[in-house]
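Q: Output the structure for:
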Amino acid sequence: MSKSDTQDAIAFTLNGAATQSRAAPSARLSAVLREEQGAKDVKVGCNAGDCGACTVLLDGAPVCACLTPLAQAQGRDVQTLRGVSPDILERLQASFTAHQAAQCGICTPAMMVSAAALIAKVPNPSAAEVEHALGGVLCRCTGYRKIIDAVVAVGSAVPEIDARGAVGDAISRIDGRAKVDGTERFGDDVAPGGALVALVIRSPYPHAAFDFGDLETVRGLDGIEAVLTAKDIPGTNLFGTIPGFIDQPVFAEAVTRFKGEAVAALIGEAAAIAGFDSADFPVVWRQLPAVQDVTAAQASGAPQLHDGHEKNVMCGGFVSHGDVAQGMGDADVVLEGSYETSFVEHAYIEPEAGFAEMVDGRLHLHVCTQAPVMNQEALAGVLALAKGDIRIVPTAVGGGFGSKLDLTVHPFLALGAMVTGRPVRMAYSRVESMATSTKRHPGRIKIKGGVRRDGTLTGLSFKGDFNTGAYASWGPTVANRVPLHASGPYRIPNYRAEAKGIYTHCPPAGAFRGFGVPQSAIAQETLFDELAAAIGMDPLDFRLLNALDNGAATVSGQVFDQGVGVKACLEALRLAWESEKAACAAFNDGSAYLKRGVGIAAGWYGCGNTSMANPSTIKCGLRPDGTLVLHQGAVDIGQGSNTVITQIFAQSFGVDVDQVSLVGADTDLTPDAGKTSASRQTFVTGNAAKLSGESLRRQLLTLVNAAEDAVISLGDRAVHIAGGHSIDLTRMDVGEDGFVMRAVASYDPPTAPLDANGQGAPYAQFGYAAHLAVVEVDTQLGAIKPLRFVAAHDVGQAINPLLVEGQVQGGVAQGLGMALMEEFIPGRTDNLHDYLIPTIGDVPPIETVIVEEPDAHGPFGAKGLGEHALIPTAPAILNAVHFATGVRLRHVPALPHRVRAALKEAGYA
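A: A predicted model of the protein is given here:
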């Protein structure tokens, strides 16, 4: 008899109903609520009280359920989101929906529960009161401002959204209801009861050799169903993302290359896994010399991580045109600088999670992922299965930003299910997630620029070494993309840029919103401020003078005849720029230790893959009952692709959005819409949706010989077309897919390969941005406080302006974090208490300015946005700090001790 069988029951009220639990009194309330009581609207992001995702109300007061022992609930009232007072809950739901306050949705229940407690006491809260009440809950997507607006509005008037969902309409998310009522299902919410659990054994050292002891003893333990190692991989024990760089083992075979690398996995009953101490696993470690920065890794005699990569150079990228030496010779002023950026953790609130099971001989994997088909292909190689024998059904994704492109829990779950024949679940702990997930590449950058006295740029050279960690992941993409972007969106007649990815004994660095461009923008945009100052020119005027325009060649020789919107973005900042310069100067005249500054920066980003095939496919069809169905496989990770792509499709077909039934990503049901990364979904999958909608519409109109502009309306088992035409769908043949008519369309952006000098057409479109930041610097403490942002973005055509604002504000918040506080230190940083991301009190008001310079290739002229939203933020902040203090910061994050040291060096007391 187990202890839980004899333990006195602990009784409490949950969402108005009496209940009880026989779990240990010390059990986490969050675990009891989720696993015993089925309250999956309570989320777990850290189990340390750092993220607040598990917030519930205990007798009306918000508490972190992960830090609350079950015993504290005895005889008390517990409310999750579903138990909030209906009057308050309905108003909160309406306001969060109307304001786009829920993006991925993983933090939304906790935000709303905290807000409900506030509103119960303060019916009309101020923004400051909202910030205080919600300060314990972290969000990685929204930038918080929409959340503040939503809660404040609950006490006044929630805006009404009444729109057809046409392109340009700011409608609420079509998938938003589940995010605000607690029914959204994330990776750790979907496993069936009784599923086995996976536990991974990982290296305690950044570089080590190892040998296993008696594994059979572990296999014989009660409740342990399997112990898996590299010997159990039926296919190739390697995975990755870029052909030619598939170099990461599922399980290390003899040597581990970073702290946290997997060597084995246990599959067992939940109780057995929970009671197993990883320190008891029979493995002997021999620590080996490690290199963890790019300089040490390239030094003579450094340990080599991979054969065939001399000095640990993974690969390089190169772009050159003109003559840089000539450009520097033609300059009146030449300046150079060195910059360093750190590892940045994705810190999504949902750790990696999912479950796998065998269904009729096929592997079904339900997992939080940004790239189901890419994951399917990678698993096929690892598992020695045909691709068609693997089904991947993405769950809701609680933040991705790039890292959930790669395989994480996938192979452990898949192998466990295949070996045991039972469902297997796994959710990474926060420590495990931070130890193993991919990071933003740290960069060590040297840059030099030349300018004439009239402000004309004459040349730019750039060299960047990027720490790609132990394995390639998306490192080759970073190495190749950075040289194409390191010029910024400017005309530079003489240019040379080199980037290298360097292997080190660190966690793999991979995709993270920008693929290296935010790092290069810090160097380039701060150097441009210095060049402008050296010739006595206003930084805004300097940028406008040199900015790209229609018909001007980029550094790769590519020319766009339309859609180059960087000048419009910069001009959109002018009013704020002039007023803030005067305001900051006036403030500084009267302040001894606090100094204010304003800074600007621009940015650009090529949407989609670099000079590579990048297709998306969309399917649509009509059912006999008149239902119009869109099979849309682009994973929505909070950015709103479900809504935007449906809007594009609905307009192309000719109906309102609410007449479209959406089938979301599922490798069995939806064609490959490509990965959700590189700001490609609105552009690439949006085009595929547009083409499929137009194709199905054309079929209908042709059937009755109607005019191209005829109005279509859907009826019960029929389609009606203006001009007196009706099509009885019940009289048509029904295909295996359940459709009587269907259309499938693909789109692949027109690009061209790059030559040896990086000349060519790498992207079919760029998006453009310019940001303004106002900061206050405490010169005694070295603390930097952002006060205001203005963010102008050229999106070509805003398919949904509300979603654009949400993306921009979330991007600015992440850029703020990169600039001022976020620094992952391999082997040391393993929680959200030591690793700081912006809280609701750190992000000031953000004014979003939408610029629309239509793109020739985008659907209805639209451009991608996700990456662009953070690229100019950090350099704008650093330029603002220089305005305030005269100090140029060259190492981010600009932590107080670094800022204070720079201030002291500049003569501040």
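Q: all helices for the stretch 601-750 of the chain, in order.
A: 641-653, 686-704 (DSSP state H, counting those that start in this stretch).
Q: Looking at those helices, which is nearest to Gly514?
A: Smallest distance to Gly514 across these (C-beta to C-beta): 18.3 Å, for helix 641-653. C-beta here means a position set from N, CA and C on the backbone, and glycine is covered the same way.
Q: Can you give the distance of the closest one from its chain's centre?
A: Its chain's C-alpha centre and that of helix 641-653 lie 22 Å apart, by C-alpha atoms, centre = their mean, to the nearest Å.
Q: Over to stretch 263-282?
A: 31 Å.
Q: What strand or helix carries Ala583?
A: Per DSSP states H and E: Ala583 is located in helix 574-589.
Q: and for that helix, what are the contacting residues?
A: 540, 594-598, 600, 772, 774, 788, 790, 847, 883-884 (C-beta atoms under 8 Å, 6 or more residues apart in numbering).
Q: so what's the residue of the chain most remote from its centre up against?
A: Here the chain reaches farthest from its C-alpha mean at Gly724, the gap being 48.6 Å by C-alpha atoms, centre = their mean. Residues near Gly724 by C-beta under 8 Å, 6+ apart: none.
Q: could you point out which element follows the helix or strand encompassing Phe355?
A: Per DSSP H and E: Phe355 is located in strand 353-359. Downstream of strand 353-359, the next assigned helix or strand under DSSP H and E is strand 362-367.
Q: looking only at pLDDT, what's the mean for that following strand?
A: This predicted structure assigns strand 362-367 an average pLDDT of 98.
Q: in that strand, what's buried?
A: 363-367 (16 or more other C-beta atoms under 10 Å).
Q: who are the neighbours of that strand, in terms of helices and strands?
A: strand 353-359, helix 372-383, strand 390-394, helix 410-420 (3 or more C-beta pairs under 8 Å, 6 or more residues apart in numbering; DSSP states H and E).
Q: any weak-confidence spans in this protein?
A: Along the chain, the parts satisfying pLDDT under 70 run over 1-6, 157-162.
Q: Go again with 50.
A: Applying pLDDT under 50 to the chain flags residues 1-3.
Q: Relative to Gly135, how far out is the spatially most central residue of it?
A: The chain has Phe401 as the residue nearest its centroid, 1.4 Å off, counting by C-alpha atoms, centre = their mean. Per C-beta to C-beta, to the nearest Å, Phe401 is found 23 Å from Gly135.
Q: Please, where are all the helices along the stretch 51-200 of the chain?
A: Going by DSSP H, counting those that start in this stretch, the stretch 51-200 of the chain shows helices at 86-99, 108-121, 127-133, 145-154, 177-181.
Q: pretty sure Arg425 is in a helix, no?
A: No - the assignment for Arg425 by DSSP: H, G, I helix; E, B strand; the rest coil gives strand, which leaves it out of any helix.
Q: which residues does it bridge with?
A: Val197, Phe355 (DSSP bridges).
Q: Which of the helices of the stretch 601-750 of the chain has the highest mean neighbour count?
A: Counting by mean count of other C-beta atoms under 10 Å, helix 641-653 has the highest mean neighbour count of these, with a mean of 27.
Q: Show me what that helix packs onto, helices and strands only.
A: strand 616-622, strand 628-631, strand 660-663, helix 686-704.
Q: so how far does stretch 55-66 reach from one end to the other?
A: 8 Å (C-alpha to C-alpha, to the nearest Å).
Q: What's the separation between the nearest residue to Arg888 once chain neighbours are set aside and Thr526?
A: Residue nearest to Arg888 in three dimensions, not counting chain neighbours: His882, with 5.4 Å by C-beta to C-beta, 6 or more residues apart in numbering. According to C-beta to C-beta, His882 and Thr526 sit 8 Å apart.
Q: before we move on, what about Glu35?
A: Taking C-beta to C-beta, one finds Glu35 at 50 Å from Thr526.
Q: Please say which of these two ends up with more neighbours.
A: The neighbour count for Glu35 versus Thr526, taken as other C-beta atoms under 10 Å, is higher for Thr526 (25 against 16).
Q: Helix or strand: which one has that one?
A: helix 517-534.
Q: What is the burial count for Leu379?
A: There are 26 residues near Leu379, going by other C-beta under 10 Å.
Q: wait, is Ala874 part of a helix?
A: Yes - assessed with three-state DSSP, Ala874 lies in a helix.
Q: That one reaches Val892, doesn't it?
A: Yes - the pair Ala874 / Val892 is scored as a contact, 6.2 Å apart, by C-beta atoms under 8 Å.
Q: So for those two, which sits in the more crowded spot?
A: Ala874 (30 against 27).
Q: mind listing what the closest residue to the more buried one other than its chain neighbours touches?
A: Spatial nearest neighbour of Ala874, chain neighbours left out: Ala819 (3.8 Å); criterion: C-beta to C-beta, 6+ apart. By C-beta under 8 Å, 6+ apart, the contact set of Ala819 is 873-874, 877-878, 892-894.
Q: Wasn't Ala819 part of a helix?
A: Yes - according to three-state DSSP, Ala819 belongs to a helix.
Q: For stretch 247-262, C-alpha coordinates in CSV please.
A: Provided in CSV are the C-alpha atoms of stretch 247-262 (Å, rounded to 0.1, in the frame of the first residue of the first chain):
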residue,chain,number,x,y,z
ASP,A,247,26.0,16.7,-36.7
GLN,A,248,24.2,16.4,-33.4
PRO,A,249,23.6,12.9,-31.9
VAL,A,250,20.4,12.0,-30.1
PHE,A,251,22.6,10.3,-27.5
ALA,A,252,26.3,11.0,-27.3
GLU,A,253,28.2,7.8,-28.0
ALA,A,254,31.6,8.2,-26.2
VAL,A,255,32.1,11.9,-25.7
THR,A,256,29.8,14.8,-24.7
ARG,A,257,30.4,18.3,-26.1
PHE,A,258,28.3,20.5,-23.9
LYS,A,259,26.9,20.4,-20.4
GLY,A,260,23.5,18.9,-20.6
GLU,A,261,24.1,16.7,-23.6
ALA,A,262,22.0,13.5,-23.5
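Q: count of residues packed around Ile535?
A: Neighbours around Ile535, by other C-beta under 10 Å: 15.
Q: Settle this for me: it is touching Asp332, isn't it.
A: Yes - the criterion here is C-beta under 8 Å, and Ile535 meets it with Asp332 at 7.2 Å.
Q: overlap in contacts of these two?
A: In contact with both Ile535 and Asp332: 451-453, using C-beta under 8 Å, 6+ apart.
Q: Highest neighbour count among those residues?
A: Val451 leads the shared contacts of Ile535 and Asp332 on contacts (other C-beta under 10 Å) with 28 neighbours.
Q: Could you pull up the residues touching that one?
A: 331-333, 457-458, 531, 534-535.
Q: Surely Val899 touches Gln780?
A: No - in this structure Val899 lies outside contact range of Gln780 using C-beta under 8 Å: 10.8 Å.
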